[in-house]
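Enquirer: Please work out how this folds:
(2 chains)
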Amino acid sequence: MTALLVVLVLVLLSVALWQLSKIFALTQIGKKSTDESSQVAGDNDNRVNGYLMFGFLAFIYLITIICIVKYGSYPLMSNSASEHGIEVDQLMWISMILIFFVQTVTQALLHYYAYKYSGKKGQVAAYISDNNKLEFIWSAIPAIVLAVLIFFGLYAWTDIMFINEKEEKPIVIEVYAQQFKWTARYAGEDNVLGKANVRLIEGVNTLGVDLADPNAQDDIVTEELHIPKGKKVIFKIRSQDVLHSMYMPHFRAQMNCVPGMVTQFAFTPIMTTQEMRDTPEMIEKVDNINAIRTKKSKELEAQGKTGLDPYTFDYLILCNKICGSSHYNMQMKVVVDEPQEYQKWLKEKTTLVQAVKNAAKADAAAAAGTTPSDSTATKPDTTVVAQAK
Amino acid sequence: MSHAHDLHIDDHAHDHHHKDTFITKYIFSIDHKMISKQYLLTGIIMGIIGVGMSLLFRMQLAWPEESFKVFKFFLGERMAPDGVMTNEAYLALITIHGTIMVFFVLTAALSGTFSNLLIPLQLGARDMASGFLNMVSYWLFFLSSVIMVVSLFVESGPASAGWTIYPPLSALPQAIPGSGLGMTLWLVSMAIFIASSLLGSLNYIVTVLNLRTKGMSMTRMPLTIWAFFITAVIGVISFPVLLSAALLLIMDRSFGTSFFLSDIYLAGEVLDYQGGSPVLFEHLFWFLGHPEVYIILLPALGITSEVIATNARKPIFGYRAMIMSILAIAFLSTIVWGHHMFISGMNPFLGSVFTFTTLLIAIPSAVKAFNYITTIWKGNLQMNPAMLFSIGLVSTFITGGLTGIILGDSTLDINVHDTYFVVAHFHLVMGISALYGMFAGIYHWFPRMYGRMLNKNLGYVHFWVTAICAYGVFFPMHFIGMAGLPRRYYTNTNFPIFDDMQDVNVVITIFALIGGAFQLVFIYNFFSSIFFGEKAPQNPWRSNTLEWTAPVEHMHGNWPGEIPEVHRWPYDYSKPGHDEDFVPQNVPMKPGEEVLHH
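Expert: Below is the predicted model:
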């Protein structure tokens, strides 16, 4: 029945539309075809839209100011936690100020002219077609400005990306990515990572380290990344499955993790986690976040759900290359310690080789049936199945 | 002259009425004007799908994991159980949104509509060089659109690896469900799409080079044609590389080769791939991917050049400089792809080279922007909707283009790569700008396509709300991007450090929803005007180019009788010594009349 009604309505509608079009067509017959159409902008349209253009300039300025006032504290352009980050921030400031200036001026010209020269009957446009001098000027000025930016940019880039490992002797740490977690491997006393390949993944050895390699004997695998303040660290980055990206925004550091090859990124942290927490900017930010979280907690609790924990700042690695369903929750805590704390933390960790031996022992014991239940408890999680949401 | 023609038209139109069946006229048409309309309609439908998807995932970002009836309605129980969008549905939506908008709307529909309509009409040709190829090109595009839409309904979901489909994620169904049948259909669709695009481009190039009317030298061509021509050339150079990437990926996916895969351990087992590299895929992809940006943008800029000059009643400033800048952009666009890969693990030295070439593009871009502004200066601006969209394009082109200086600089890219800063940048400079160009083209040439006028007041409402919303959506994104917020996150709630930015996401989404809703004004205007719009006069915008000398009623061959001959460049607006403020290209030079452009 409803279907029939719908069909009926549709039929009637189309008849109505057809009739309407006929009427429109009839109204057109009497009219002589002219060069004029009521749908072409007239003086009134020109004036109104001219004013609106001027208003739109105000809108662009307004939204810029509002964003800077309200969101101006978000951008990471100061308070860098790494040495090279200071250089990056400087270049960012220079570029931003330049962009801001050009944006302000060109938008003003564009919208002001659109307002000022909005059309009137009887007004005649100037017949100007070109001017080579002007073209030269506005090619040359950007060229010079860009040359300066390119120079500074490439200077910084070279400084950041080209590392002489023999001379600088950075601490070598492997960052290992997989769907959807991060793992770190420290090179140990010899500061050389043992060879590794995913084909060697077995049991506790989740990173596929070649346990026979002499360099691998002192390697340490951890779930948390600690680095010492003031020492250059070079990250050797591997991926087990798909592309990931090791993104550490507070250190102005990022590098993709590519299966089948080792990529690298190096930096020197200059602020411990505690020092960063104590900076006025961070205190303000964290207070603000906690105010939001408290408010939200109350709402949640009112609904009978559990509230949110208060937040304390920690450096993070985020995954910044789409890597699968849970890409949005692939993170690792990074801690910058004073060098002696870092040494202490690292010393407490067992080496991978030892961990493998322990696991084998536990397995053997389990097989013999002496310690039935707790053998698996010491074994780290070896499954690599995606952590479903 | 016009009277004699009118008589002739009726004869001609009558003639063809008998020959054309419904199928040859409206479906398998080989007439460039009909093909252009087919492209436009398909593009509008794909555009509605693409923009609609973005509204859905924007809602998820503003109100994460909340239940909405619209989610349930559009996504169904599997992708939105109880009305809550799943993370997999989110990734599918962003992937298909990107694919549809970049390829189907802003490449195929923009070029397909206006290259097809304008190349023969503005050059004074009876039709494209090959009407048959043109028809095949459209129907391949249609087929690829259908396959892409069909992939949305596959059990395991459509492609979800981002529109850049980087392997191994896109190669291995174990890595993400969307990389199963959905990805296969994506690749098939794109392979067909590329074939369509290549056929179209070849046709455009041949037509421009061979079928110009008498007197239409290359330096008398309207800038629209220059833009379409160079766009087609870039397409022919770069699209085959994407095709090869797609084919190699198909080999890896289905035939066990290892072009892009190596040393992978997934779902508890080692996969049998050795020696390939995903970085190779990135190179192949971006060798198209970056020129693609200009394949999208140049036609929009070409349309803008024409619309601004016509409505400013003033010659385009620096005609030759505009051509030179198009050529420079085209050349540079093929040697900058590496700036998408600064942190991909490629040799940092290459990063230096690509920084250098990338920042060079700012120079021709600046030339274009300044030329537009100078064209407006001292004009007599007719504020038609097309003109508003063109001015809007210049505005977003500047706002979005300037942040390219940051992203093109490898040092600064380290920290904003793949964040919302990038999203803001490319949406403004290429997404919104190209959409504005497309809208400008539709408002300007609608009378030529359908013989009727679009309603201008609806056009004004459409422009102003869109313009405000475009800035409202993308301007705040720069700030959260620079705060290190990665793109393509289903929700940010797992990172308390981003908690203070949640309200920015809400603001962005509200602007997006309003802007999206007001596109309905355009849709209504477009479809109702096709049937009920005011009948268009011969030359409503008082334009110089040849398409306005052709009869309003469409006919095969475009002009009854002789094709008009061209005697001057297309930008003689407000030329002293003439009664009208425009002098069409087919008007002979007066004795002693000065030629101003050199």
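Enquirer: max-length helix in chain B?
Expert: When chain B is scanned for its longest helix (criterion: DSSP state H), the result is helix B:278-312.
Enquirer: For the helix or strand just after that one, list every residue counted as buried.
Expert: Using DSSP states H and E, the helix or strand that follows helix B:278-312 in sequence is helix B:319-333. Applying a neighbour-count criterion of 16 or more other CB atoms under 10 Å in any protein chain shown, one finds B:319, B:321, B:322, B:323, B:325, B:326, B:328, B:329, B:330, B:332, B:333 buried in helix B:319-333. C-betas here are computed from N, CA, C, even on glycine.
Enquirer: Contacts only, for residue B:317.
Expert: With contact set as CB atoms under 8 Å, 6 or more residues apart in numbering or on different chains, residue B:317 has these partners: A:128, A:129, A:130, A:131, B:371, B:372, B:374, B:375.
Enquirer: redo that, cut-off 10 Å
Expert: By CB atoms under 10 Å, 6 or more residues apart in numbering or on different chains, the contact set of residue B:317 is A:128-131, A:134-135, B:305, B:308-309, B:370-377, B:379, B:571.
Enquirer: again, but for residue B:229
Expert: Counting by CB under 10 Å, 6+ apart, residue B:229 touches B:115, B:119, B:123, B:201, B:204-205, B:207-209, B:218, B:221, B:298, B:302, B:326, B:330.
Enquirer: which among those residues gets closest to residue A:312?
Expert: Ranked by distance to residue A:312 (CB to CB), those are led by residue B:298 at 50.7 Å.
Enquirer: circling back: from the contacts of residue B:317, list just the buried residues.
Expert: Buried members of the contacts of residue B:317, counted by 16+ other CB under 10 Å: A:128-130, A:134-135, B:305, B:308-309, B:370-377, B:379, B:571.
Enquirer: quick one: least confident helix or strand in chain B?
Expert: When the helices and strands of chain B are scored by mean pLDDT, DSSP states H and E, helix B:2-19 comes last with a mean of 45.
Enquirer: how close does the most centrally placed residue in chain B sit to chain A?
Expert: Against the mean C-alpha coordinate of chain B, by CA atoms, centre = their mean, the closest residue is residue B:106 at 2.0 Å. As judged by CB to the nearest CB, to the nearest Å, residue B:106 and chain A stand 21 Å apart.
Enquirer: Helix B:319-333 and the longest helix of chain B, what's the angle between them?
Expert: Taking axes from the mean of the first three to the mean of the last three CA atoms, to 10 degrees, one finds that helix B:278-312 is oriented at 170 degrees with respect to helix B:319-333.
Enquirer: list the buried ones in helix B:278-312?
Expert: Using 16+ other CB under 10 Å as the test for burial, helix B:278-312 gives B:278-279, B:281-312.
Enquirer: try stretch B:253-271
Expert: Residues of stretch B:253-271 classed as buried: B:253, B:257-266, B:270-271 (neighbour count, 16+ other CB under 10 Å).
Enquirer: from those residues, which are also near chain A?
Expert: B:258, B:260, B:261, B:262, B:263, B:264, B:265, B:266, B:270, B:271 (CB under 10 Å from any CB of the partner chain).
Enquirer: Neighbours of the closest residue to residue A:346 other than its chain neighbours, how many?
Expert: Residue nearest to residue A:346 in three dimensions, not counting chain neighbours: residue A:186, with 6.3 Å by CB to CB, 6 or more residues apart in numbering or on different chains. Neighbour count of residue A:186, defined by other CB atoms under 10 Å in any protein chain shown: 23.
Enquirer: which residues sit in contact with residue B:153?
Expert: Shown in contact with residue B:153 (CB under 10 Å, 6+ apart): B:76, B:182, B:185.
Enquirer: Counting by contacts, list what the helix or strand containing residue A:344 packs against.
Expert: Element membership for residue A:344 (DSSP H and E) is helix A:339-347. Here helix A:339-347 touches strand A:220-222, strand A:225-228, strand A:331-337, going by 3 or more CB pairs under 10 Å, 6 or more residues apart in numbering or on different chains; DSSP states H and E.
Enquirer: Mind listing what's buried along it?
Expert: A:341, A:342.
Enquirer: Let's see that helix as CSV, backbone CA atoms only.
Expert: Taking Å, rounded to 0.1, in the frame of the first residue of the first chain, the C-alpha atoms of helix A:339-347 are listed here in CSV:
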residue,chain,number,x,y,z
PRO,A,339,73.0,9.8,32.7
GLN,A,340,73.6,8.1,36.0
GLU,A,341,69.9,7.2,36.4
TYR,A,342,69.9,5.9,32.9
GLN,A,343,72.9,3.6,33.6
LYS,A,344,71.2,2.4,36.7
TRP,A,345,68.0,1.6,34.9
LEU,A,346,69.8,-0.2,32.1
LYS,A,347,71.9,-2.3,34.5
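Enquirer: ok, residues contacting that helix?
Expert: A:171, A:186, A:188, A:220, A:222, A:224, A:226-231, A:272, A:274, A:335-338.
Enquirer: For the stretch 101-250 of chain A, just list every one of the strands.
Expert: A:171-178, A:181-186, A:220-222, A:225-228, A:233-239, A:244-248 (DSSP state E, counting those that start in this stretch).
Enquirer: Can you pick out the ones from the ones next to chain A among the buried residues of stretch B:253-271 that are in strands?
Expert: Counting by DSSP state E, the part of those found in strands is B:265, B:266, B:270.
Enquirer: Kindly calculate the angle that the helix ranked longest in chain A makes with strand A:244-248.
Expert: In chain A, with assignment by DSSP H, the single longest helix is helix A:83-116. Here helix A:83-116 points in a direction 90 degrees away from that of strand A:244-248 (the same axes, to 10 degrees).
Enquirer: Check which residues of helix A:83-116 are buried.
Expert: Those would be A:83-85, A:87-89, A:91-92, A:95-96, A:98-99, A:102-103, A:106-107, A:109-115, for helix A:83-116 by 16+ other CB under 10 Å.
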